[in-house]
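**Q** I would like to see how this sequence folds:
(2 chains)
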Amino acid sequence: MRILNLLKIAFKAIVLNKMRTLLTMLGIIIGVASVIAMLAIGEGSKESIRNTISSMGSNMITIRPGTDDRGPARGSGGDVQTLTLKSFEVIKEKATLLSYVTPVVNGGGQVISGANNWPSTIYGVNPDYLEIKVVGLQSGSMFTDAEVKSASKVVILGQTVVDNVFPDGQEPVGQMIRFDNIPFKVIGVLEEKGENTFGQDQDDVVIAPYTTVQKRILAIDYLNQIMASAVSEDDAPDAVLEVTDILREEHKLMDNEEDDFTVRSMEELISTFSSTSEMLTVLLVAVASISLLIGGIGIMNIMYVSVKERTKEIGLRMAVGGKGSDILLQFLIEAILISITGGVLGVLLGLGATVFIEKFLHWPTSVAMYSIIISFAVCAVTGIFFGWYPARKASALDPITALRYE
Amino acid sequence: MSKEIIKIEDLKREFTMGTETVHALRGISFTIKEGEFVTIMGSSGSGKSTMLNILGCLDQPTSGTYEIDGVSMKDLSRNELATIRNEKIGFIFQSYNLLARTSAIENVELPLLYNSKVSTDERRERAIKALEMVGLGDRLHHTPSQLSGGQQQRVAIARSLVNNPVMILADEATGNLDTRTSYEIMSLFQDLNKKGITITFVTHEPDIATFSSRTIVLKDGSIMQDYKNHKVQSAAEELAKLPQENH
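**A** Numbering: from 1, shown residues only, chains lettered A, B, ... in the order given. Below is the predicted model of the structure:
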């Protein structure tokens, strides 16, 4: 009953000063709207990065020769030959957290078909490769383990290669091509994947059995890398540790020796990119929070003016029986009403802005429920915090002085 | 013997101004009985305003006793004083003190908003009744700016009546009004007094005192005179005697 009456009084005061209230609210509205829009942009870009990386295979683990590029004067991974087929076999045999493993050898070369040619990269792998990279075939079929064993001269082409060496739209499967003057039979075409997050064309590849590439093209007996996929995304970090242990044992490294290989999971890549975009989000939110703070100061300012301006009214209210707490609550409710109404309008404006950004600027956005809840809570707290001192001041007035105030 | 509304005994009020002590009231005693119409007179500096503040429970005496409607003011907290003001006293001010841009009825409802025992419907009903009593039954939704000075003071009087106080306390209630209007207001006070409402009217104008049944004159913080007015003038009659205004 009492609160209801005070709410009525506070509401009345707000309605009597529509313009002033609206201008005061504007600070809060803009603050909340920008917090929500900024968080939506931040969340959106984070999600889009995560999606791209996931589409590359979020369970994927890569093992490269050589150490991390820390410290001075170390050769790049390609020069080091610490990964061998033996390493691959040991991992395949011992690792429990991996579902697929493939050796990888790769080299550049010219793909030639008739009068057409195209520079590309050939990847020598085993049939697990498709599972690890989460890619299917749009036509033809993958080579078999038997074909790997016999080092068959068969290839699977990426769409970019197909487009360039078969420009007339012929069916590539069954055709013969040459890679570095060695003839290969095309037995399949990969599904199109497009560019990855780093702008690399994932369709500009030629896939062949690793034995074929090792022996017939590169003439090497080591591996460029080993690719694997963890049983699940959650197991990826443990799988990294497991593989590290297996390889250290296989390489007979002493405890004080550094790894002569590097194991990375996609998860690490995701967190690297997420942390960049997270930092951006924090910056954006910091800027938005400042405007929310300024909005709060605006409320405090107007409440101070309001208390001063209505000193006589406060005196009258006290004379007719308003208690100090009634006056305090009245002004506090007024401040909270302003900030919460501003908060609601701000949330609506923020959502509107997010839709606008998504529709017209084509930026990925994602409104997080927590951003709405947080900014709303911040508004209420702002109202209480910045409304408290003016309200306190009003309630502490001496009724006699207040009544005589001109 | 009618009930004593106000009972004051040896009331003193001192203020400390720097190192000096100012004696605003130096031991005042009087009682006001139910149904009286008392004017408290005095020039400025006589302690009139201090007396009014204490009577209105806005201030507390330094020593002495003050009882209103049987309740002693001694050692009451700010909140308890507010409740007494809300339930027992109706205030009327020189400058009306109405809330701007707020309708007459909402202004009159104000004291009841601070009394949680009164429901919304009852509040409205009582406000309408109070406005009808002061002759503004047809101006319920006018805001102060749409009312004349006399009408505004009538709204203020209705506001003082709405909580059914034991006493109305008026502070120079006619000070801002011209002679004709102030006689109209005094006539209204006399009507209300005839209905049994106790009125204490603080003023410095001697002619206002002639309309009351008793006058207390203060000087330098003491009572100089306290006399019954045996020949109470009728404000309505005085009003009729005034020359007609030229329109």
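**Q** list the contacts of the closest residue to residue A:29 other than its chain neighbours.
**A** Of all residues not flanking residue A:29 in the chain, residue A:346 sits nearest, at 4.3 Å (CB to CB, 6 or more residues apart in numbering or on different chains). In this view, the C-beta of every residue, glycine as well, is placed from N, C-alpha and C. Residues counted as contacts of residue A:346 (CB atoms under 8 Å, 6 or more residues apart in numbering or on different chains) are A:28, A:29, A:30, A:31, A:32, A:33, A:36, A:375, A:379.
**Q** in chain B, what residue is nearest chain A?
**A** residue B:86 (2.3 Å; CB to the nearest CB).
**Q** for that residue, phi and psi?
**A** phi -70, psi -40 (degrees, to the nearest 10).
**Q** quick one, what contacts it?
**A** Counted by CB under 8 Å, 6+ apart, residue B:86 has contacts A:320, A:321, A:322, B:111, B:114, B:115, B:163.
**Q** who wins on neighbours among those residues?
**A** In terms of neighbour count, residue B:111 stands highest of these at 30 neighbours, by other CB atoms under 10 Å in any protein chain shown.
**Q** what's the distance between the helix or strand that contains it and the middle of its chain?
**A** For residue B:111, the enclosing helix or strand under DSSP states H and E is helix B:104-113. From the chain centre to the centre of helix B:104-113 is a distance of 17 Å (CA atoms, centre = their mean, to the nearest Å).
**Q** is chain B within reach of the helix-or-strand element of chain A with minimal mean pLDDT?
**A** Within chain A, judged by mean pLDDT, DSSP states H and E, the helix or strand with the poorest mean is helix A:266-309; its value is a mean of 81. No. Using CB under 8 Å from any CB of the partner chain, helix A:266-309 stays clear of chain B, with a minimum separation of 10.6 Å.
**Q** after that helix comes which helix or strand?
**A** With elements assigned by DSSP H and E, the helix or strand that comes after helix A:266-309 is helix A:311-319.
**Q** check which residues of the helix or strand following that following helix are buried.
**A** Counting by DSSP H and E, the next helix or strand C-terminal to helix A:311-319 is helix A:324-356. Residues of helix A:324-356 classed as buried by neighbour count (16 or more other CB atoms under 10 Å in any protein chain shown): A:324, A:326-347, A:349-351, A:353-354.
**Q** kindly report the same for stretch A:224-233.
**A** A:224, A:225, A:226, A:227, A:228, A:229, A:230, A:231, A:233.
**Q** next: stretch B:170-190.
**A** B:170-174, B:176-177, B:181-190.
**Q** can you tell me which of those are in strands?
**A** The strands, defined by DSSP state E, take in B:170, B:171 from the buried residues of stretch B:170-190.
**Q** still on that earlier bit, tabulate the buried residues of stretch A:224-233 in a markdown table, adding columns for pLDDT and distance to residue B:32.
**A** As requested, those are exported to a markdown table (pLDDT from 0 to 100; distance: CB to CB, whole Å):
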| residue | pLDDT | distance to residue B:32 |
| --- | --- | --- |
| A:224 | 90 | 108 |
| A:225 | 90 | 104 |
| A:226 | 92 | 105 |
| A:227 | 92 | 102 |
| A:228 | 91 | 100 |
| A:229 | 90 | 97 |
| A:230 | 88 | 93 |
| A:231 | 87 | 94 |
| A:233 | 78 | 87 |
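**Q** any chance you could list what contacts the helix of greatest length in chain B?
**A** When chain B is parsed with DSSP state H, its longest helix is helix B:179-194. Residues outside helix B:179-194 that contact it (CB under 8 Å, 6+ apart) are B:35, B:37, B:133-135, B:148-150, B:153-154, B:157, B:161, B:168, B:170, B:173-174, B:177, B:199, B:201, B:208, B:211, B:213, B:234-236, B:238-239, B:242, B:245.
**Q** so of those, which ones are in helices?
**A** Counting by DSSP H, those contribute B:133, B:149, B:150, B:153, B:154, B:157, B:161, B:208, B:235, B:236, B:238, B:239 to helices.
**Q** could you flag which of those are buried?
**A** B:133, B:149, B:150, B:153, B:154, B:157, B:161, B:208, B:235, B:238, B:239.
**Q** low pLDDT regions in chain B?
**A** Residue ranges of chain B with pLDDT under 70: B:1, B:245-247.
**Q** for residue 115, phi and psi?
**A** Here I'm looking at chain A. With angles defined as degrees, to the nearest 10, residue A:115 sits at phi -90, psi -10.
**Q** not what I meant, chain B
**A** phi -120, psi 100.
**Q** pretty sure it is touching residue B:163, no?
**A** Yes. In this structure residue B:115 lies within contact range of residue B:163 using CB atoms under 8 Å: 6.8 Å.
**Q** can you list residues touching both of the two?
**A** A:321, B:86, B:87.
**Q** okay, the first one: pLDDT?
**A** As predicted, residue A:321 sits at a pLDDT of 91.
**Q** residues contacting it?
**A** Counting by CB under 8 Å, 6+ apart, residue A:321 makes contact with B:82, B:83, B:85, B:86, B:87, B:111, B:114, B:115, B:163.
**Q** show me what contacts the last one?
**A** The neighbours of residue B:163, taking CB under 8 Å, 6+ apart as the test, are A:320, A:321, B:86, B:87, B:90, B:111, B:112, B:115.
**Q** what do you get for the fifth one?
**A** Residue B:87 makes contact with A:321, B:115, B:163, B:165 under the criterion CB under 8 Å, 6+ apart.
**Q** pick the one among the residues you listed closest to residue A:211.
**A** Closest approach to residue A:211 among the contacts of residue B:87 (CB to CB): residue B:115, at 96.0 Å.
**Q** the residue most central in space within chain B bridge partners, please.
**A** In chain B, the centroid-proximal residue (CA atoms, centre = their mean) is residue B:169; its distance is 1.8 Å. Beta-bridge partners for residue B:169, by DSSP bridges, are residue B:91, residue B:200.
**Q** so it makes contact with residue B:52?
**A** Yes. Counting by CB under 8 Å, residue B:169 touches residue B:52, with 6.9 Å between them.
**Q** list the residues that contact both of these two?
**A** residue B:202.
**Q** which residues touch the closest residue to residue A:325 other than its chain neighbours?
**A** The shortest distance from residue A:325 to any non-neighbouring residue, by CB to CB, 6+ apart, is to residue A:395 (6.8 Å). Taking CB under 8 Å, 6+ apart, we find residue A:395 in contact with A:324, A:325, A:327, A:328, A:331.
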